[in-house]
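**Q** Just to be clear, the model below is a prediction. Sequence and coordinates:
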Amino acid sequence: MANVNVKVNINVSLDPHVQPFWEKGYQDLSVSCMGGPSFEVAEVATLLSPKSKVLDLGCGEGRNALYLASLGCQVTAVDRSEAGIRKLQMIARNSGIQLKTIVADINSFNIEGEFDCIMAHGVLNYLDKPLSRKLISQIKLKTRAGGFNIFTLYIYNEEFPCTNEMKTSHYRNSFLPNELHLLYEDWHEVRYDKYVKWDSHPGIPMHYHPVEKLVSQKPGGDNIGRLVKIPISCLNTISNNLFHGISMGLTEEDVYALIGKPEVVDKMNANGIQFGMSLYNPDRPHPTVEGYTLQLWYYGKYVVYVSNGLVSGKALYYTQPIRIICS
Ligand SMILES: C[S@@+](CC[C@H](N)C(=O)[O-])C[C@H]1O[C@@H](n2cnc3c(N)ncnc32)[C@H](O)[C@@H]1O
């Protein structure tokens, strides 16, 4: 597949009430705005063949799209941000990675063809509420039997109510707790995690996102049931105070000194050119890295994200953390 860039819905306009911080990050070629590829995408990738067709809706600058394309998947990446798509195109071209990009408003997007995996990470909550429900029906329909849908949603949480950033970004349109999960009752549940995640982006200090992450597999197909859920339990936990003392950018040694070594670690590796971590690195002002490693360090319900040796996020889990393995 050659690199293709399509522009549809010329009428793409940003809601004047939405002041997305990411537009600035997408325009800045010296930073990675959203960090490297997601852990659950790497888990699902173990079941996708290299030629699998993948659709990334609201791909942003394309950290997951680039990763899956680097594995040989035929990726179509869609976002309404011209700057995000331009950055993704430039990085893909310079790295010899092929993918198709589309600048479009997914509120009114028509999914053409069928896909083995359709994902939307941190996106549906910015759509108009009735339209996002309609989009879900279309996404389910356009996924092949045995294929995957991967969603990360920002959900209102009383203990951690929405931040200003989220209020200005249509947070009110988000799904209700468990609402998306119920829409997938007829599919095989691979992952359903509820947690609050703290992270930071260039120009945006540490903040939190109450999250529901849903990975579902469409019935049928020949890889059904090959992903097995393993609960992650560890006896060593930490206090809430210690957890809140962890800042972004700490080294592994800093974290050991602060809260000790984790009892359980999960790890993903992505080879070749990938988006790096979303912390500005003055020593290497570039959005990508050569090789990306993300480790999840478990301390009971607390999880520390370590990307290429530095803390890039942390999470407080409400559901039992699990690991997905391919049987
Ligand atoms: C929080 S960012 C997440 C980006 C990307 N999915 C990731 O995980 O790195 C949200 C993205 O959704 C895109 N977005 C929001 N509303 C959209 C719409 N109606 N149509 C297309 N993209 C949209 C934004 O442009 C932005 O890139």
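**A** Looks like it came in fine. Numbers count the residues shown, from 1 in each chain.

**Q** And L127, how far from V211?
**A** Note on L127: its distance to V211, by CB to CB, to the nearest Å, is 17 Å. From N, CA and C alone the C-beta is placed, and that goes for glycine too.

**Q** More neighbours: which of these two?
**A** Counted by other CB atoms under 10 Å, L127 and V211 do not tie: L127 has more neighbours, with 23 against 19.

**Q** so Q320 sits right up against K229, yeah?
**A** No - if you go by CB atoms under 8 Å, Q320 and K229 don't touch, sitting 9.4 Å apart.

**Q** I'd assumed I246 was in contact with L258.
**A** Yes - L258 lies in contact with I246 (CB under 8 Å); the separation is 6.6 Å.

**Q** The two: who's more crowded?
**A** Just comparing L258 and I246: by other CB under 10 Å the higher neighbour count belongs to I246, 20 against 16.

**Q** Tell me which residues touch the closest residue to the ligand within the stretch 1-150 of the chain, please.
**A** In the stretch 1-150 of the chain, the residue that lies nearest the ligand is G60 (2.8 Å; CB to the nearest ligand atom). Applying CB atoms under 8 Å, 6 or more residues apart in numbering, we find G60 in contact with W22, Y26, C33, M34, D79, S81, G84.

**Q** who are the neighbours in contact with the residue lying closest to it once chain neighbours are set aside?
**A** Leaving out its chain neighbours, the residue that sits closest to G60 by CB to CB, 6 or more residues apart in numbering is G84, at 4.8 Å. Going by CB under 8 Å, 6+ apart, G84 touches W22, Y26, C59, G60, E61, G62.

**Q** so the fifth one, which of the three states?
**A** Three-state assignment for E61 (DSSP: H, G, I helix; E, B strand; the rest coil): coil.

**Q** So what's the residue count around it?
**A** When neighbours are defined as other CB under 10 Å, E61 has 29 of them.

**Q** thought it was touching G25?
**A** Yes - using CB under 8 Å, E61 is in contact with G25, at 7.5 Å.

**Q** Which one of Q320 and K229 is surrounded by more residues?
**A** Remark: of Q320 and K229, K229 carries more neighbours, 14 against 11, as counted by other CB under 10 Å.

**Q** strand partners of whichever helix or strand the more buried one is part of, parallel vs antiparallel please.
**A** Assessed by DSSP states H and E, K229 sits inside strand 227-231. Using DSSP bridges, the strands paired with strand 227-231 are strand 322-326 (antiparallel).

**Q** For the partner strand, buried residues please.
**A** Across strand 322-326, burial judged by 16 or more other CB atoms under 10 Å covers I322, R323, I324.

**Q** how much space is there between the second one and H209?
**A** Distance of R323 to H209, computed by CB to CB: 22 Å.

**Q** what does the stretch 51-200 of the chain put close to the ligand?
**A** Within reach of the ligand by CB under 6 Å from any ligand atom, the stretch 51-200 of the chain has these residues: 58-60, 63, 79-81, 84, 105-107, 121-123, 126-127.

**Q** Now do the helices in the stretch 1-150 of the chain.
**A** For the stretch 1-150 of the chain, helices defined by DSSP state H, counting those that start in this stretch occupy the ranges 22-27, 39-45, 63-70, 82-95, 129-141.

**Q** can you redo these as JSON lines with distance to T237 and mean pLDDT?
**A** JSON lines is the format used below for the helices of the stretch 1-150 of the chain (distance: least, CB to CB, whole Å; pLDDT from 0 to 100):
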{"stretch": "helix 22-27", "distance to T237": "34", "mean pLDDT": "92"}
{"stretch": "helix 39-45", "distance to T237": "21", "mean pLDDT": "96"}
{"stretch": "helix 63-70", "distance to T237": "30", "mean pLDDT": "98"}
{"stretch": "helix 82-95", "distance to T237": "38", "mean pLDDT": "97"}
{"stretch": "helix 129-141", "distance to T237": "36", "mean pLDDT": "92"}
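
**Q** Can you add distance to P205 and give those back as JSON lines?
**A** JSON lines is the format used below for these (distance: least, CB to CB, whole Å):
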{"stretch": "helix 22-27", "distance to P205": "14"}
{"stretch": "helix 39-45", "distance to P205": "23"}
{"stretch": "helix 63-70", "distance to P205": "20"}
{"stretch": "helix 82-95", "distance to P205": "22"}
{"stretch": "helix 129-141", "distance to P205": "29"}
